[in-house]
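Asks: Got a predicted model here, sequence first, then my questions.
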Amino acid sequence: MRSGAERHAQRHPGIEASGREPVRPLDAGELLAAATAGAGTAGAGTARAGSGSFRFLSELELLVESVNAESRLTASGRAAVRDRLVAALTHQRRLHALVKASPAISATPITRPVFIAGLPGSGASLLQNLLVEHPLLDSPVLWELLDPASEGSDYRHRRTLIERARTCVERSRASAPQCRLGRLREATRPGGCHRLLANAFQSPMFGMGLRVPRYLRWLEGRDLSDAYAFHRTQLQAVTSRIPAATLLLRDPFHAAYVGGLLHAYPDARVIRVHRELAHVVAATAGLSSTLRSATSTRVDPRGVRREWAGHLERHLARADGAAGALEPGRLLDVRHDDLVADPAGVVRRVLEFLEVEPAPAVMQNVRGLARSAYGI
């Protein structure tokens with residue numbers, strides 16, 4: 001006779017049994033209740049908000065269904081995913097309250113932003129970190145991206161947010177000790193803006209740490225216009241408190257969603273960082289397998305590689321088609337091999353594309369950072 005845990009696992013194949021007690025599937029309603037119950041308790045400097053500010057609920061439900069059916073979560077994995085989804089809902093609620101209290105945020109200008117798109121292992125993070133050595137270029141740093149709805153003006157509160165981001169970095173390193181995370185992944189260094197899309201439950205990056213092929217295939221059929229509009233509102237909240245020069249935003253998957261991106265940022269420019277498909281598949285699958293092992297006890301590295309090989313092949317095909325939406329002079333392609341061989345030369349080329357003067361002191365800093373942080 002099958003145990004209750006076995007029967008439960010059969011009904012919800014994405015959820016693992018843990019000892020005698022089965023791991024309960026995630027429930028979108030319970031996530032909403034948890035985020036609502038936390039209204040106004042997220043920390044100092046946070047505006048209160050009610051449950052009416054939640055958005056993207058159908059996207060949340062689809063993601064939850066895919067997780068329950070496919071991710072094979074352990075008990076600790078379920079808790080981590082639940083916390084992540086509740087946090088996204090909390091960011092929505094707090095952002096709604098912040099903009100309502102300070103309507104001028106919605107008028108914060110974001111002029112000719114630059115979106116860097118490069119799959120894992122391509123060198124996109126390296127390029128972003130080198131470019132922000134220029135005083136006229138800036139990127140939201142990790143602590144800002146982890147809490148975009150924070151007012152962040154109070155010194156003590158800002159220190160609390162930075163410490164929270166440092167804890168997040170350390171947890172990432174602890175969960176993937178054999179993975180070579182970016183050497184410049186720090187609380188006060190540029191971060192990936194996929195976190196802003198994830199707050200709308202529309203980011204392929206969910207698939208890095210979770211087995212959700214159904215969800216990823218669904219995303220392939222969308223343009224993410226609404227998610228990028230929400231991305232812009234969050235970015236306005238960040239830059240309204242610390243005005244920025246030209247903004248650099250990085251996400252591995254921007255290139256396939258240029259159409260939706262341009263709805264929110266009509267004057268955007270795009271830089272694509274390329275590397276051979278075999279290399280990015282290996283890098284993506286290796287990182288994904290490692291991250292998934294922190295939430296699931298059943299990770300098949302070969303299966304993960306097959307999954308990402310198919311997804312990345314389709315992604316690149318869609319990216320090539322999406323590039324046609326950009327006018328001449330608004331798209332630049334960079335090769336990984338060139339970036340590694342001559343980082344200063346590639347940075348100079350990118351600065352020319354951005355119409356920014358490559359000052360000698362900046363180029364000296366670029367060479368020093370590439371040598372000290374990356375050994376190139």
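Replies: Sure, I can see it.
Asks: Any stretches of the stretch 1-150 of the chain with poor pLDDT?
Replies: By pLDDT under 70, the low-scoring segments of the stretch 1-150 of the chain are 1-21, 39-52.
Asks: Would you map the strands across it?
Replies: 17-18, 21-22, 114-117, 137-138 (DSSP state E, counting those that start in this stretch).
Asks: Nearest to residue 105, out of these?
Replies: If you check each of those against residue 105 by Cβ to Cβ, strand 137-138 wins as the nearest, at 17.8 Å. Where C-beta positions appear, they are placed from N, C-alpha and C, glycine not excepted.
Asks: So which elements touch the closest one?
Replies: strand 246-250 (3 or more Cβ pairs under 8 Å, 6 or more residues apart in numbering; DSSP states H and E).
Asks: the inter-axis angle of whichever strand or helix holds residue 272 versus strand 246-250?
Replies: Per DSSP states H and E, residue 272 falls inside strand 269-274. Between the axes of strand 269-274 and strand 246-250, defined by axes from the mean of the first three to the mean of the last three Cα atoms, to 10 degrees, the angle is 40 degrees.
Asks: Strand 269-274 pairs with which strands?
Replies: strand 114-117 (parallel), strand 331-335 (parallel) (DSSP bridges).
Asks: which parts of it are buried?
Replies: Residues of strand 269-274 classed as buried: 269-274 (neighbour count, 16 or more other Cβ atoms under 10 Å).
Asks: Nearest residue to residue 204 in space, please, no chain neighbours.
Replies: Using Cβ to Cβ, 6 or more residues apart in numbering and skipping residues adjacent in sequence, the residue nearest residue 204 is residue 253, 4.7 Å away.
Asks: Quick one, grab the pLDDT at that neighbour.
Replies: In this prediction, residue 253 carries a pLDDT score of 98.
Asks: isn't it right up against residue 207?
Replies: No. Under the criterion of Cβ atoms under 8 Å, residue 253 makes no contact with residue 207, lying 9.8 Å away.
Asks: related to what we said a few turns ago, out of the strands of the stretch 1-150 of the chain, deepest packed?
Replies: strand 114-117 (a mean of 25; mean count of other Cβ atoms under 10 Å).
Asks: Centre of the chain to stretch 232-252, how far?
Replies: The chain centroid and the centroid of stretch 232-252 are separated by 14 Å under Cα atoms, centre = their mean, to the nearest Å.
Asks: Could you tell me the end-to-end distance of it?
Replies: 18 Å (Cα to Cα, to the nearest Å).
Asks: hmm, back to that, save the strands of the stretch 1-150 of the chain as TSV, and put in distance to residue 91 too.
Replies: Putting the strands of the stretch 1-150 of the chain into TSV (distance: least, Cβ to Cβ, whole Å) gives the following:
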stretch	distance to residue 91
strand 17-18	29
strand 21-22	30
strand 114-117	21
strand 137-138	21
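Asks: so where's the stretch 151-300 of the chain shaky on pLDDT?
Replies: Across the stretch 151-300 of the chain (using pLDDT under 70), the flagged ranges come out as 151-155, 172-185, 244.
Asks: all helices of it, in order?
Replies: Chain-ordered helices for the stretch 151-300 of the chain, with DSSP state H, counting those that start in this stretch as the definition, fall at 155-175, 194-198, 206-209, 213-220, 225-241, 258-264, 277-292.
Asks: Residue 317: how many residues sit nearby?
Replies: For residue 317, the tally of surrounding residues (other Cβ atoms under 10 Å) stands at 11.
Asks: Kindly report the same for residue 214.
Replies: 15.
Asks: dump the residue contacts of it.
Replies: With contacts defined as Cβ atoms under 8 Å, 6 or more residues apart in numbering, residue 214 is in contact with 65-66, 69-70.
Asks: Tell me the one among those residues nearest to residue 113.
Replies: Taking the contacts of residue 214 together and measuring to residue 113 by Cβ to Cβ, the closest member is residue 66, at 30.6 Å.
Asks: Correct me if wrong: residue 228 contacts residue 261.
Replies: Yes. The pair residue 228 / residue 261 is scored as a contact, 5.2 Å apart, by Cβ under 8 Å.
Asks: neighbour count winner among the two?
Replies: Taking neighbours as other Cβ under 10 Å, residue 228 and residue 261 compare with residue 261 leading, 29 against 26.
Asks: how much space between residue 344 and residue 320?
Replies: 29 Å (Cβ to Cβ, to the nearest Å).
Asks: In terms of packing, which of these two has more residues around it?
Replies: residue 344 (17 against 12).
Asks: Could you pull up the contacting residues of the more buried one?
Replies: 363, 366-367, 370 are the contacts of residue 344 under Cβ under 8 Å, 6+ apart.
Asks: mind running it again at 10 Å?
Replies: Going by Cβ atoms under 10 Å, 6 or more residues apart in numbering, residue 344 touches 130, 358, 362-368, 370.
Asks: ChimeraX command for the buried members of these?
Replies: To isolate the buried members of the contacts of residue 344 in ChimeraX, using 16+ other Cβ under 10 Å:
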select :130,358,362,363,365,366,367,370
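Asks: could the helices of the stretch 151-300 of the chain go into TSV alongside distance to residue 186?
Replies: Shown next, in TSV, are the helices of the stretch 151-300 of the chain (distance: least, Cβ to Cβ, whole Å):
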stretch	distance to residue 186
helix 155-175	6
helix 194-198	15
helix 206-209	20
helix 213-220	29
helix 225-241	17
helix 258-264	27
helix 277-292	18
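Asks: For residue 121, which of those is the nearest?
Replies: helix 277-292 (2.8 Å).
Asks: Now do the buried residues in that closest one.
Replies: For helix 277-292, the neighbour count (16+ other Cβ under 10 Å) marks 280-292 as buried.
Asks: Which residue would you name as the spatial centre of the protein?
Replies: The chain has residue 194 as the residue nearest its centroid, 2.2 Å off, counting by Cα atoms, centre = their mean.
Asks: wait, it sits on residue 234?
Replies: No. Here residue 194 does not reach residue 234: they are 12.0 Å apart, not a contact under Cβ atoms under 10 Å.
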